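[1] got a sequence here, can you model it:
(one chain, ligands or ions: 2)
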Amino acid sequence: MFAARSASSILGRRAFSTTARLDSKVAVLGAAGGIGQPLSLLLKLNPRVTDLALYDIKGGPGVAADVSHINTKSKVKGYAPDAAGIKECLTGAEIVVIPAGVPRKPGMTRDDLFNTNASIVRDLAKACADHCPKANILIIANPVNSTVPITAEVFKSKGVYDPKRLFGVTTLDVVRASRFISELKNTDPAQEAILVVGGHSGATIVPVLSQAGHNLEGSERDAYVNRVQFGGDEVVKAKDGAGSATLSMAMAGARFTESLLKAAQGEKGVIEPSFVDSPLYKDQGVEYFASNVELGPNGVEKIHPVGKVTEYEQGLLDVCLKDLKGNISKGVKFVKENP
Ligand SMILES: NC(=O)C1=CN([C@@H]2O[C@H](COP(=O)(O)OP(=O)(O)OC[C@H]3O[C@@H](n4cnc5c(N)ncnc54)[C@H](O)[C@@H]3O)[C@@H](O)[C@H]2O)C=CC1
Ligand SMILES: O=C([O-])CC(=O)C(=O)O
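    Numbers count the residues shown, from 1 in each chain. Ligands and ions are numbered 1, 2, ... in the order given. Okay, the predicted model is just below:
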């Protein structure tokens, strides 16, 4: 989809770019993994990306050599898995996408990944805070509800936290919500835009179907909501021990990156749901929340409220907020106890 961008939209980019930077370095940390590889491929196909910097503790240079043969203009470089490598990878990055971390196996929750992934994300966040403190940081590594607060705490501890530049990538939930409703209603999924709010695990994933003008009742509604909330489990089960969603996640990560680049390059009205430092439920002690976010040259431009929900959706939201609070404080506590 990115390679097929029309000439006029590429020209459009030039028209938007008079005040915006034309060089867009995007770094992927965890680039040799199940998500990292197809994500790197999609970013290589995106003409808005001028430099693609690929880092992994294993195999970054190999993926970079492979992807670099694709005949698009961007420069691609893979970095050695050491302090000098990550420093060079991150220096000058406008966007850093982080899918580094272990995926689930059947029977695990995302929270079961916390013990392994919390320290991976903490250490990569430290490197970002040191080498590219003004970059937009896109967290894919699970559990997102905790790894986003972990990243924020690291940036705060180094005095460089900008809440407008930190995003938990929840795009896959939105992609799934659109696809699954289109299967039920026989519509074009590309034309469906189902709002999904909350967080990124189980009951914290709240599809707000009512705002898209769809009405499902009873068991059909419950099955739809359950499928959106546990879509990740569907893939984990089907992969049977070989990991979780990678290809659909790569597409979702590439879409979010493209949206940020569009906004950075001056396009107005770019909206993506994302898990961000949000004022919406701070009065209830929930510091981070996913809702529609308007993107701009400085990252978050405007956080949209959830809007009108049905009584049923409000019930889902109540459960979500309770779970989210626990997930967030777990991340914050981890950094305080393991700086
Ligand atoms: N936000 C979302 O919607 C989704 C999140 N995920 C999460 O994304 C993460 C990655 O999933 P996969 O790519 O399938 O896993 P994977 O195991 O295939 O790849 C992870 C990669 O990270 C690398 N890595 C590990 N520690 C690192 C470090 N300190 N620095 C740099 N690289 C490091 C590994 O070498 C590996 O290449 C998992 O935590 C998974 O749960 C997966 C799907 C959707
Ligand atoms: O389910 C998982 O562990 C991976 C993930 O976050 C998703 O597919 O939404």
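[2] part of a helix, is P133?
    No - counting by DSSP: H, G, I helix; E, B strand; the rest coil, P133 is not part of a helix but coil.
[3] quick check: it touching V160?
    Yes - look at P133 against V160 with Cβ atoms under 8 Å: they come within range, at 3.8 Å. For glycine as for every other residue, the C-beta is placed from the backbone atoms N, C-alpha and C.
[4] name the helices or strands packed onto the helix or strand harbouring L317?
    Using DSSP states H and E, L317 falls within helix 311-337. Applying 3 or more Cβ pairs under 8 Å, 6 or more residues apart in numbering; DSSP states H and E, one finds that helix 311-337 contacts helix 114-131, helix 144-157, strand 195-198, strand 205-208, strand 288-296.
[5] low-confidence regions, the stretch 1-150 of the chain specifically.
    By pLDDT under 70, the low-scoring segments of the stretch 1-150 of the chain are 1-21.
[6] who are the contact partners of the residue nearest to R255 when sequence neighbours are not counted?
    The shortest distance from R255 to any non-neighbouring residue, by Cβ to Cβ, 6 or more residues apart in numbering, is to T171 (5.7 Å). By Cβ atoms under 8 Å, 6 or more residues apart in numbering, T171 lies in contact with 252-253, 255-256, 272-274.
[7] how does it look with 10 Å?
    138, 140, 196, 200, 248-249, 251-257, 259, 272-274, 290 (Cβ atoms under 10 Å, 6 or more residues apart in numbering).
[8] for the residue positioned nearest the centre of the chain, give its distance to M251.
    In the chain, the centroid-proximal residue (Cα atoms, centre = their mean) is V169; its distance is 1.7 Å. V169 is 11 Å from M251, where distance means Cβ to Cβ, to the nearest Å.
[9] any common contacting residues for the two?
    With Cβ under 10 Å, 6+ apart, V169 and M251 have no common neighbours.
[10] still on that earlier bit, what does the pLDDT read for the residue nearest to R255?
    pLDDT for T171: 98.
[11] so how far is ligand 1 from it?
    7 Å (Cβ to the nearest ligand atom, to the nearest Å).
[12] for ligand 2, what are the nearby residues on the stretch 1-150 of the chain?
    103-104, 110, 142 (Cβ under 6 Å from any ligand atom).
[13] which residues in the stretch 151-300 of the chain form strands?
    Ranges of strands within the stretch 151-300 of the chain are 166-168, 195-198, 205-208, 270-277, 288-296, 299-303, based on DSSP state E, counting those that start in this stretch.
[14] can you tell which of the ones you listed is closest to D56?
    Judged by Cβ to Cβ, the one of those that comes nearest to D56 is strand 166-168, at 20.9 Å.
[15] which residues does that closest one contact?
    Contacts for strand 166-168 (Cβ under 10 Å, 6+ apart): 95, 97, 125, 128, 135-149, 151-152, 155, 199-200, 256, 260, 272, 274-277, 288-290, 293, 295, 299-300.
[16] stretch 103-110 now?
    Contacts for stretch 103-110 (Cβ under 10 Å, 6+ apart): 33-35, 102, 112-113, 117, 141-147, 199-202, 204, 232-233, 235-246, 249, 327.
[17] contacts with ligand 1 among those residues, please.
    Answer for the contacts of stretch 103-110 near ligand 1 (Cβ under 6 Å from any ligand atom): 33-35, 102, 113, 117, 141-142, 144, 200, 243-246, 249.
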